[in-house]
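Peer 1: fold the following and give me the result.
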Amino acid sequence: VDGLSMLILFAEWERLTADPDVELPAIGITFRDYALQAQPDEESLDKALTYWRERTADLPPPPRLPLTKDPGEVEIPRFHRREARLDPEKWEAIKDRARRYGITPSVVLLACYAEVLSAWSGQPDLTVNLTLFDRRDVHPDIGHVVGDFTSVLLVAHRPAAHEGWLERARRLQEQVWRDLDHQEISGVRVLRELARENDRLAEPVPTVFTSMLGVDDALARTVRWPDHTRSQTPQVWLDHQVIELPDGLLLSWDSVDELFPGGLVDEMFAAYTESVERLADEPEWAAVPGKALPQGRPEPKQDKARPKRGFEAPVGVVEETVAGIWGDLLGVSRVGRHDGFFALGGDSLL
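Peer 2: Residues are numbered from 1 along each chain as shown. Okay, the predicted model is just below:
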């Protein structure tokens, strides 16, 4: 399910808990109906594809955070959640300053996230996956449908050495706006195009930023949020999620800790929350230096060499059949037994 679907589920669950006999409103459209109706037209697709083919040449790699093992060795990914809350007064201060400087609150948090990833991966330029909630208004009841309406946008963080934090955030905002004008092509499709043009699998982007700000803030501020939550997403190593609740802003990280050196994600999360707090306390963001991170942070750990698995052909009739279906559906020339559906360019609708 996507972010709004979670809110719908929690709100209906709460209503049914309070009154088991309550009748929820009927819905006149299914998720399958939506998937068939909401396809963009060919002209929009062609324009978006042209744009992203030009953009892919300029996309930096994903954050190369230090790893302790090959991700392919993780049989069952187990996600660990870290949470922090920003009180309503501080969150309002950040939103007020963001409006004054022409930046959305989501991009403010994305900029802080990218700076932390940059510091701990030891690379200035990187690409992260930005989750989009693309629920198109094709039916009056579409706002009540539960399903996965998400797509992803590949966002490049390219800070210049001479820039302060505010300049970097504004430039990131402008890039996100340009990319959003061509969101008919999802990030997984962009990776698929990269793989085709380079005759190899494109490097996956397993670091995600998911903002539920603006999805349905009125509903989010009234729903009873669970005390214990955790999300798990295929092909993702680290997913940062933000949502505004009645008692302030909830910042959460879900990570596959098995991949990273002990304490690394804790250090990153502490640095991230401290940088957000600093923006809440700093009235003039123009005075914030380029890296709005706490002082005294550890030097970035150097990444270990990552062993690459070679191509292994499917084994047996089941693997061969599935590989054939995936190849036809995704337009890839060959599918190995260790390839992932999402990494090859698949999405929830496919």
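Peer 1: where does the stretch 201-350 of the chain dip in pLDDT?
Peer 2: 201-203, 217, 290-310, 342-343, 345-350 (pLDDT under 70).
Peer 1: all strands of the stretch 201-350 of the chain, in order?
Peer 2: 207-211, 238-245, 248-255 (DSSP state E, counting those that start in this stretch).
Peer 1: in CSV, list the ones you listed along with mean neighbour count.
Peer 2: Placement of C-beta: from N, CA and C, glycine included. Below are the strands of the stretch 201-350 of the chain laid out as CSV (neighbours: other CB atoms under 10 Å):
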stretch, mean neighbour count
strand 207-211, 23
strand 238-245, 22
strand 248-255, 21
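Peer 1: so can I have CSV of those showing distance to Pro314?
Peer 2: CSV is the format used below for the strands of the stretch 201-350 of the chain (distance: least, CB to CB, whole Å):
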stretch, distance to Pro314
strand 207-211, 29
strand 238-245, 30
strand 248-255, 31
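Peer 1: between the ones you listed, which one is closest to Arg15.
Peer 2: Closest approach to Arg15 among those is made by strand 238-245 (18.1 Å; CB to CB).
Peer 1: contacts for the closest one?
Peer 2: 3, 65, 91, 106, 109, 113, 206-213, 217, 220-221, 225, 231, 233, 249-256, 265, 272 (CB atoms under 8 Å, 6 or more residues apart in numbering).
Peer 1: in what helix or strand does the closest residue to Pro226 other than its chain neighbours lie?
Peer 2: Nearest in space to Pro226, with sequence neighbours left out and distances taken as CB to CB, 6 or more residues apart in numbering, is Phe10 at 7.1 Å. Counting by DSSP states H and E, the element that carries Phe10 is helix 3-18.
Peer 1: list the buried residues for that helix?
Peer 2: Judged by neighbour count (16 or more other CB atoms under 10 Å), helix 3-18 contains these buried residues: 3-8, 10-12.
Peer 1: could you do stretch 318-328 as well?
Peer 2: In stretch 318-328, counting by 16+ other CB under 10 Å, buried: 323, 326.
Peer 1: if I look at the nearest residue to Glu14 once chain neighbours are set aside, how far off is Leu172?
Peer 2: Excluding its sequence neighbours, the residue lying closest to Glu14 (CB to CB, 6+ apart) is Arg224, at 5.0 Å. Counting by CB to CB, to the nearest Å, the separation of Arg224 from Leu172 is 34 Å.
Peer 1: which one of the two has more residues nearby?
Peer 2: Between Arg224 and Leu172, counted using other CB atoms under 10 Å, Leu172 has the larger neighbour count: 21 against 13.
Peer 1: name the element the residue lying closest to the more buried one once chain neighbours are set aside belongs to?
Peer 2: Nearest residue to Leu172, sequence neighbours excluded (CB to CB, 6+ apart): Ala111, at 5.4 Å. Per DSSP H and E: Ala111 is located in helix 105-121.
Peer 1: coming back round to it: and the very next helix or strand once past the helix holding Phe10, what other elements does it pack with?
Peer 2: Downstream of helix 3-18, the next assigned helix or strand under DSSP H and E is helix 31-37. Using 3 or more CB pairs under 8 Å, 6 or more residues apart in numbering; DSSP states H and E, no helix or strand is in contact with helix 31-37.
Peer 1: going on from helix 31-37, what's the next piece of helix or strand?
Peer 2: Assignment by DSSP H and E places the next element after helix 31-37 at helix 42-56.
Peer 1: which stretches of the stretch 51-200 of the chain form strands?
Peer 2: Counting by DSSP E, counting those that start in this stretch, the strands of the stretch 51-200 of the chain are 80-86, 126-133, 150-157.
Peer 1: and the contacts of the second one?
Peer 2: When you say that, I think you mean strand 126-133. So strand 126-133 is contacted by 2-4, 59-63, 110, 113-114, 117-118, 149-157, 176, 180, 183, 187, 205-212, 215, 236 (CB under 8 Å, 6+ apart).
Peer 1: local confidence estimate at Ala26?
Peer 2: At Ala26, the pLDDT value in this model is 91.
Peer 1: domain ranges for the protein, per the record?
Peer 2: 3-280, 312-349 (the TED database).
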